[in-house]
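Q: kindly return the folded structure for what I paste below:
(2 chains)
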Amino acid sequence: MELFYRDALLLSEVSWHELIEDLNNAASFNSYCYSKNYYTVFKQILLSIILKKEIVLLDSDFTTDELVNLTGFSDFGSFEQLINKKDFELIQSKTHLIDRIKKSSTEWKITLFTSGTTGIPKKVSHRFESITRFVKTTTSENIWGFAYNPTHFAGLQVFFQAILNGNTIVRLFDLEKEQIINEIQNYSITHISATPSFFRLLLPLNKNYGTVKRITSGGEKFDKKTIQQLKPFFPNAKITNIYASTEAGSLFASEGDIFTLKPEVEKWVKIVNGELFIHHHLMGESASNAEEWYASGDLVAITDTNPLQFRFVSRKNEMINSGGYKVNPVEVEEVIRGLKGITDVRVYGKPNAVLGNIICCEVQKNNPQLDETTIRMYLQTKLQEFKIPRMIYFVDGIQTTRSGKIKR
Amino acid sequence: MLSELLLLINTVLSNRGKKTIDSISVSTDLRKDLGFDSLDLAELTVRIEDKYDIDIFENGIVATIGEILQQFEK
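A: Have a look, this model is predicted:
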């Protein structure tokens, strides 16, 4: 039995054969994918490719309010469509399935949501080409540790890398440290792609894991200290840093913190006043694509010009990177302001050794009864957990900058 | 000291709607015994830093209450 997916939380294993059976037997398809079960998400994505239909991925922890804001709906049952078996060419084998995915229609697209810079999450769609741009073809039988949310861009990268090479996926996301170690060992995981926070929490380890050949990280700054600490526990792993965003997809890879541009990418990238701009040729589709060049909001320092090399310095806009999740303080402030008794609020990131940044807020209130618990209970119904401030400070006045903007 | 830490830990637990605990010891493991995740650990560091001006993760991630106390002795 050739393993396709292993999930320690669900105590389940699915073989490639079972995956193919499940796809062939699927009676219906829903273009909105809203599920906690990773295997269901994987299956839905594959079905959408086979059926040449768009798929919209929704985080399983979106609150009802967030779902309505993003899609206009809170329930997606009515989008379920029966599959017409006459149009469905049965999948014969693993190779046949991979071929079908590779020959994906140019009509197919996958849509996900990212925290927009204006406070309203933004819809971004990718075609097959932009989502698989960095997929490498290999003949080795790699075992992928899956350490991202499957409805996020980074998770999709790992999914397509694994599936297009016929590899095995082993879930590591949302597991306890002990479980993660067991899975790496028991399934001889060879590749792990995860945020720096994931690796920081894995440390220290008691022994080394020689099966791991490659460690990839991205989503936030991969600090040298963490890289140094990881090396002795993964003696055979090459450690790489990836620059990717939901809007642009995966763009550059580096060893250490200096990114070197490949010649074929260089003409689609420019740096103006220290900010990285990406040409729309390299981007997914969203409303902001009207501009030829996309302002990434990432500030970089050029370290060499031939070939172009740079490292990331900081963010230009206000997005807070907390454990690899980008949080828009404006979005959180808007929600908090909606609570009666609150007169003003400031949301900001505070540097933190575990998450890179932790979300904090200062609140000014005119209702003495309003306490932290009430605010938290309210926020839990309105926002995904990673967006909810971990520290709430009650203050008499909110600091503003001279232009009257909230100071972060 | 232990009772003050217990108070901070219970604040973190109740903020996430998790069950609070009655006691801790030096061998209590934050993740294994108390079910802390990365968000909880991050919050605890800030609460300790706000109160004692000590960054318990300055030299890497700590696992147990005993290891936190060691950071205070440094």
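Q: what comes into contact with stretch A:21-40?
A: Stretch A:21-40 is touched from outside by A:5, A:7, A:10, A:12, A:14, A:41, A:43-48, A:50-51, A:53-58, A:60, A:62, A:67, A:71, A:73, A:76, A:79-83, A:88, A:90-91, A:97, A:146, A:150-151, A:171, A:173, with contacts defined as Cβ atoms under 8 Å, 6 or more residues apart in numbering or on different chains. All C-beta spots, glycine's among them, are computed from the backbone N, C-alpha and C.
Q: where exactly do the helices run in chain B?
A: Along chain B, counting by DSSP state H, helices occupy B:2-15, B:38-52, B:65-73.
Q: turn those helices into CSV, including mean pLDDT, mean neighbour count and distance to A:Lys238.
A: Below are these laid out as CSV (pLDDT from 0 to 100; neighbours: other Cβ atoms under 10 Å in any protein chain shown; distance: least, Cβ to Cβ, whole Å):
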stretch, mean pLDDT, mean neighbour count, distance to A:Lys238
helix B:2-15, 92, 16, 37
helix B:38-52, 92, 20, 25
helix B:65-73, 89, 15, 31
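Q: and the contacts of stretch A:21-40 near chain B, which?
A: Near chain B, judged by Cβ under 8 Å from any Cβ of the partner chain, there are no entries from the contacts of stretch A:21-40.
Q: list only buried entries from the residues you listed.
A: A:5, A:7, A:14, A:41, A:43-48, A:50-51, A:53, A:55-58, A:60, A:62, A:67, A:71, A:76, A:91, A:97, A:146, A:150-151, A:171, A:173 (16 or more other Cβ atoms under 10 Å in any protein chain shown).
Q: in strands only, show me the residues you listed.
A: Mapping those onto strands (DSSP state E) picks out A:5, A:7, A:14, A:55-57, A:146, A:171.
Q: now those as CSV including distance to B:Ile24 and pLDDT?
A: Formatted as CSV, those follow (distance: Cβ to Cβ, whole Å; pLDDT from 0 to 100):
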residue, distance to B:Ile24, pLDDT
A:Tyr5, 38, 98
A:Asp7, 32, 98
A:Val14, 40, 98
A:Ile55, 46, 96
A:Val56, 45, 96
A:Leu57, 40, 96
A:Phe146, 34, 97
A:Arg171, 31, 98
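Q: longest strand in chain A, please.
A: Counting residues, the longest strand found in chain A (DSSP E) is strand A:293-305.
Q: who does that strand touch, helix- and strand-wise?
A: Judged by 3 or more Cβ pairs under 8 Å, 6 or more residues apart in numbering or on different chains; DSSP states H and E, strand A:293-305 is in contact with strand A:269-272, strand A:275-279, strand A:308-315.
Q: skipping its backbone neighbours, what lies nearest whichever residue of the stretch 251-400 of chain A sits closest to chain B in space?
A: Residue nearest to chain B within the stretch 251-400 of chain A (Cβ to the nearest Cβ): A:Ala353, separated by 3.6 Å. Nearest in space to A:Ala353, with sequence neighbours left out and distances taken as Cβ to Cβ, 6 or more residues apart in numbering or on different chains, is B:Phe57 at 3.6 Å.
Q: burial of the one you found, as a residue count?
A: 19 (other Cβ atoms under 10 Å in any protein chain shown).
Q: on that earlier part again, tell me the strands beside the longest strand of chain A, with direction?
A: Applying DSSP bridges, strand A:293-305 is found paired with strand A:275-279 (antiparallel), strand A:308-315 (antiparallel).
Q: so B:Gly35 sits against B:Arg16, correct?
A: No. Counting by Cβ atoms under 8 Å, B:Arg16 is not a contact partner of B:Gly35; they are 9.4 Å apart.
Q: hey, least reliable of the helices and strands packed on strand A:293-305 by pLDDT?
A: In terms of average pLDDT, strand A:308-315 trails the rest of the helices and strands packed on strand A:293-305, at a mean of 78.
Q: need the contact partners of it.
A: For strand A:308-315, the surrounding residues in contact (Cβ under 8 Å, 6+ apart) are A:221, A:243, A:257-261, A:266, A:269, A:271, A:274, A:276, A:297-303, A:321.
Q: which parts of chain B sit against chain A?
A: So chain B meets chain A at B:14-15, B:17, B:31-32, B:38-39, B:41-43, B:45-47, B:50, B:55, B:57-58, B:60-61 (Cβ under 8 Å from any Cβ).
Q: where do the strands sit along the stretch 51-200 of chain A?
A: A:55-57, A:80-82, A:110-114, A:122-126, A:143-146, A:168-171, A:191-194 (DSSP state E, counting those that start in this stretch).
Q: from the contact counts, what lies against the second one?
A: Okay, so that is strand A:80-82. Counting by 3+ Cβ pairs under 8 Å, 6+ apart, strand A:80-82 packs on strand A:28-30.
Q: residues of the strand it packs on that come out buried?
A: Residues of strand A:28-30 classed as buried: A:29-30 (neighbour count, 16+ other Cβ under 10 Å).
Q: average pLDDT across the next helix or strand after it?
A: Next in sequence after strand A:28-30, counting helices and strands by DSSP states H and E, comes strand A:32-33. The average pLDDT within strand A:32-33 is 97.
Q: check stretch B:17-29 too.
A: 92.
Q: span of it from start to end?
A: 20 Å (Cα to Cα, to the nearest Å).
Q: flag every buried residue along that stretch.
A: Buried residues in stretch B:17-29, counted by 16+ other Cβ under 10 Å: B:24, B:28.
Q: do the same with stretch A:172-185
A: Counting neighbours by 16+ other Cβ under 10 Å, the buried set in stretch A:172-185 is A:172-173, A:175, A:177, A:180-181, A:183-184.
Q: right, and chain A sits closest to which residue of chain B?
A: For chain B, Cβ to the nearest Cβ, closest residue to chain A: B:Phe57, 3.6 Å.
Q: which ones are touching that residue?
A: Contacts for B:Phe57 (Cβ under 8 Å, 6+ apart) come out as A:353-354, B:41, B:45.
Q: same question for A:Thr343.
A: A:364-366.
Q: most neighbours among those residues, which one is it?
A: For the contacts of A:Thr343, counting by other Cβ under 10 Å, the largest number of neighbours falls to A:Lys365: 19 neighbours.
Q: beta-bridge partners for that residue, please?
A: A:Ile342.
Q: on that earlier part again, closest to A:Thr111 out of the contacts of B:Phe57?
A: A:Thr111 lies nearest to A:Val354 out of these, by Cβ to Cβ, at 31.5 Å.
Q: all set now, cheers.
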